[in-house]
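Engineer: Fold the following for me, if possible:
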Amino acid sequence: MIEETVFLGLSEIIWQGIFGFLSTIIVAGAVGFISIHWLSKQEALNEREGKILNDRITAYLEILDSMARINERTIVLDAELDIRRELEKHGIVTLKDRAAVEYPPFFESREKFHAILKSLDDFYINKLHLVGPKSYKEFIYVYLYMSKLDGYYKYLMTTPMPDGTLLDERVADEILEDFLPKLGVVIDFDMVKMQADFERALVGELYKLKSCTKPPLRNEVKQAEFFYGRFSETLYAINEIGIFQLLIDVMADKIGTPYQVLSEHLQANDLVMTPFLHDQEVS
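Structural biologist: Purely as a prediction, here's the structure:
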């Protein structure tokens with residue numbers, strides 16, 4: 001007969017049963033703990049990804065709405081071709097030659113222009129990271145293009161006139177109400193094209209719901225290089241000197257100063273840098 005080993009008054013078989021039971025409890029507890037921890041972490045991750053997905057879709061729809069406003073058009077009948085002649089007087093060329101001219105309605109006043117610029121500015125600061133890399137670059141181009149247009153208001157408000165005084169805001173607004181729609185006519189094709197390019201990129205990425213984890217053009221130098229590489233081919237760039245001459249013409253009419261006097265003063269004023277002319281000569 002085989003003698004059983006006895007330890008602390010209990011046989012070997014009983015101890016094996018005890019160890020087996022404890023092992024099962026420990027393993028089950030460990031598996032349960034890991035499972036619960038993993039599931040809760042996964043649930044939190046899914047909740048976070050769901051929120052990001054929702055934020056991303058909302059951002060896409062928001063910016064699509066803002067860009068759609070760029071594509072709206074105000075049509076003005078120019079039966080006598082007065083607007084055409086005024087543009088041609090300053091050597092400005094457009095791609096449309098008919099008795100009706102078009103421009104986005106936010107060019108009708110400074111307030112309307114600044115409203116759409118603010119919506120783009122808010123998106124640039126708070127939500128640009130939610131779009132994909134292609135639409136990110138397209139938005140940068142639109143944003144810098146629109147910011148560039150805003151330079152005319154800043155120019156009017158900071159430029160001394162021949163008598164040394166600055167324009168008050170009311171006069172500046174009157175100048176812009178006359179000037180901006182004409183500017184809108186000149187660059188209408190640019191606006192349509194950049195809005196279409198942006199929407200094409202954005203909609204293509206919306207189906208894939210890509211976010212911009214590593215944004216391109218992360219510093220201002222790269223943004224400027226990218227922008228001016230494309231801007232140089234636009235109607236705005238081609239007509240930039242003529243557009244500035246048009247602004248001087250409108251200013252001269254509103255403040256009662258002869259065009260030639262005002263033109264010579266603005267070009268000779270060392271305290272003022274004419275907007276965006278890139279060292280070109282204005283005559």
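
Engineer: Walking through this structure, point out its strands one by one.
Structural biologist: For the chain, the strands defined by DSSP state E cover 6-7, 10-11, 74-77, 100-103.

Engineer: and the third one, what other elements does it pack with?
Structural biologist: Spelled out, that is strand 74-77. Under the contact criterion of 3 or more CB pairs under 8 Å, 6 or more residues apart in numbering; DSSP states H and E, strand 74-77 touches strand 100-103. For glycine as for every other residue, the C-beta is placed from the backbone atoms N, C-alpha and C.

Engineer: CA atoms only: put the strand it packs on into PDB for me.
Structural biologist: Listed next in PDB are the C-alpha coordinates belonging to strand 100-103 (Å, rounded to 0.1, in the frame of the first residue of the first chain):
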ATOM      1  CA  ALA A 100     -23.500  92.300 -67.200                       C
ATOM      2  CA  VAL A 101     -20.900  92.000 -64.500                       C
ATOM      3  CA  GLU A 102     -20.800  89.700 -61.500                       C
ATOM      4  CA  TYR A 103     -19.100  89.700 -58.100                       C
END
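
Engineer: which of the residues in that strand are buried?
Structural biologist: Using 16 or more other CB atoms under 10 Å as the test for burial, strand 100-103 gives Val101, Glu102, Tyr103.

Engineer: closest to Asn54 among these?
Structural biologist: Top of the list for closeness to Asn54, among the buried residues of strand 100-103 and by CB to CB, is Tyr103 at 36.2 Å.

Engineer: Next, the contact list for the closest residue to that closest one other than its chain neighbours, please.
Structural biologist: Nearest non-adjacent residue to Tyr103, counting by CB to CB, 6 or more residues apart in numbering: Gly184, 2.8 Å away. Applying CB atoms under 8 Å, 6 or more residues apart in numbering to Gly184 gives the contacts Tyr103, Pro104, Phe107, Met191.

Engineer: The third one reaches Ile116, doesn't it?
Structural biologist: Read it as Phe107. No. In terms of CB atoms under 8 Å, Phe107 does not count as a neighbour of Ile116; the distance is 9.9 Å.

Engineer: And the two? Which one has more around it.
Structural biologist: A direct count of neighbours by other CB atoms under 10 Å for Phe107 and Ile116 places Phe107 higher, at 24 against 18.

Engineer: Let me see the confidence value for the closest residue to the more buried one other than its chain neighbours.
Structural biologist: The shortest distance from Phe107 to any non-neighbouring residue, by CB to CB, 6+ apart, is to Gly184 (3.6 Å). On pLDDT, Gly184 comes in at 92.

Engineer: Over to Arg230?
Structural biologist: Confidence at Arg230, expressed as pLDDT, is 90.

Engineer: same check, this time on the one 5 residues further on
Structural biologist: Predicted confidence (pLDDT) for Leu235: 91.

Engineer: Next one: it from Met191, what distance?
Structural biologist: Between Leu235 and Met191 the distance is 10 Å, computed by CB to CB, to the nearest Å.

Engineer: Compare the two (neighbour count), which wins?
Structural biologist: For Leu235 against Met191, the residue with the higher neighbour count under other CB under 10 Å is Met191, and the figures read 25 against 19.

Engineer: just checking, the more buried one touches Arg69?
Structural biologist: No. Look at Met191 against Arg69 with CB under 8 Å: they stay out of range, at 10.7 Å.

Engineer: Identify the contacts common to these two.
Structural biologist: Contacts common to Met191 and Arg69, judged by CB under 8 Å, 6+ apart, are Pro104.
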